[in-house]
Structures are given as structure tokens and as C-alpha cells.
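J.: model this:
(one chain, ligands or ions: 1)
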Amino acid sequence: MKILIVSDIHGNYHALDCVLKNVRHDKLICCGDIAVDYPFPEQCIDVLMDNCDHICFGNSDYIIAHDQKASDYIGERYAHLAEDLNRVTELTRRLISQDSMAFLRELPQECRFELDDISFYMNHTGPNMPFNHYLDLNTPYPELAEYYQDIQAEIIFTGHTHIPYVKKIMDKVLINPGSVGEPRDGDPRASYATFDTSTGQIELGRLEYEISNTWQALKELGYPSYSLHCLKNGVLPDKSENDSS
Ligand SMILES: [Fe+2]
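T.: Below is the predicted model of the structure:
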């Protein structure tokens, strides 16, 4: 059985559509952050609602579905984008139906499941981790081990960093598929992972997709420039458009 793992779609429907149509899979898993940042949140939610086998919420899903302010959950890393993120959260709220908002509100924080006798655990951040903290490529092993030591699963799926990686933690394997819709590692192509339950093979993949419709919609709806910058460059800007320094 081939499992396709996606995360951090962020309203970028064309990136999601490209991955779903081009990567053969038997099961679809989504590690959250579905709607905010790009202009097609409703389409992303619709597709995942119909096709996902397991899905949990991400920080931006929680914020939009529970009427929170993005800037109240932001850490040092993205503090310069706080006002822009508040604006995008508001823009996104206008693009989501009540049914889809209810779907986001009901998503679990974590999922545990078994497929082909392999145990899996999934959540968007690390377990019991604040939204503004990130387990990165260079996070020291003891910190990773502390977060995951009590998780009873052979394979762990996570997201949040927008940068893909595979790490071994004690007897577990941690797979972060990176971001489908908003990669932040300098490669703007859609990022995903697959796991084959028969062979144990893990693949991290990238796919190029057409960005013109998203670009056009971002401009027409007045999204802040960080969305355009990230769509084109695969990395967030160092400064906000509100920052004149
Ligand atoms: Fe995200």
C-alpha cells in the first residue's frame, strides 16, 4: 500500500491538485494547515474532505476556525509578518463556507491509526508543542527525542516547518513531507512524501505546477506581497511590505 502524505497546503489548490493527480497512492494523509495564505481555501478543504483518510488541524486551521488572531500565536521567526498574517486570515475567512469552517473546527489535533500492521501517529507540530515552536532540520536530537519519546508508533507524520525531512528517533521514523502549497526551502515546487507499507520505502518528492491562476487571484484579492514572494521563490521574505526600515 502506498501512502501519500501532504501538509501545509495553505489554500494553494493548484499545487494540491497537481500532487494528487500525479502521485499514485492508495491512502491520503494530511498533516494540517489547509486554508490560510493562498486564495483557494474552499477548494482545498473540499478535496481533502472527500479524499483524505486521516487529517489533523494545523496552527492556521485552528486560528481561523476558532476566531483567533494570527499575531497572538506568532513567534520570533515570523514576527515581522504579524500584520500581514492577520490580514490574510481575515481575507481567508471571507472565502470559506460555513460547512468548511465547521469541518476545520472539528479536525482532531492528532491521529493514531494502523495500516498493514504498522502503527502511525500524526500531528501538525510536535506533540504538546506550542504553535510558535518548530522542529527543524537542525533541531538537536535530545529535543526531538523529548517530544516523541512517549509516542507509541513506528511511523510519525508531521508538518509545520514547510521544509521536508526524514529523521530516526529511537525506534521511530519521523517523516515531514514539507509543504505542498508554500515551501520555504527556496524550492517553490510542491513538496510531498510517500511511504510504502510493503517495502518500508520513504520518498520525498517535488512537483512543478502552474502558478499563474494563483498569482492572478492573489493580486485581484489584494493579498500581501509575502504570499506572492513565497509562491514564486519558495521562501518567505525577510521583511513585511509594511516594514519601511
Ligand atoms: Fe504551515
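
J.: this structure: helices as residue ranges?
T.: 13-22, 41-51, 59-65, 82-93, 98-105, 141-148, 212-221, 225-233 (DSSP state H).

J.: now the last one: buried residues?
T.: So that's helix 225-233. With burial defined by 16 or more other Cβ atoms under 10 Å, the residues of helix 225-233 counted as buried are Tyr226, Ser227, Leu228, His229, Cys230, Leu231. Using the backbone N, CA and C atoms, a C-beta is placed for each residue, glycine as well.

J.: now those residues as a markdown table including pLDDT?
T.: What follows is the buried residues of helix 225-233, written out as a markdown table (pLDDT from 0 to 100):
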| residue | pLDDT |
| --- | --- |
| Tyr226 | 92 |
| Ser227 | 94 |
| Leu228 | 95 |
| His229 | 95 |
| Cys230 | 95 |
| Leu231 | 96 |
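
J.: highest average neighbour count across the helices of the chain?
T.: Most buried of the helices of the chain, by mean neighbour count (mean count of other Cβ atoms under 10 Å): helix 59-65, with a mean of 23.

J.: mind putting the buried residues of helix 225-233 in a markdown table, distance to Asp116 included?
T.: Shown next, in a markdown table, are the buried residues of helix 225-233 (distance: Cβ to Cβ, whole Å):
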| residue | distance to Asp116 |
| --- | --- |
| Tyr226 | 41 |
| Ser227 | 39 |
| Leu228 | 42 |
| His229 | 41 |
| Cys230 | 36 |
| Leu231 | 37 |
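
J.: returning to that earlier point: who wins for proximity to the ion among the helices of the chain?
T.: Proximity to the ion (Cβ to the ion) singles out helix 59-65 among the helices of the chain, at 5.9 Å.

J.: tell me what the closest one is packed against?
T.: The helices and strands touching helix 59-65, judged by 3 or more Cβ pairs under 8 Å, 6 or more residues apart in numbering; DSSP states H and E, are helix 82-93, helix 98-105.

J.: the first one close to the ion?
T.: Put plainly, it is helix 82-93. No: shown here: helix 82-93 not in contact with the ion (Cβ under 5 Å from the ion), separated by at least 11.0 Å.
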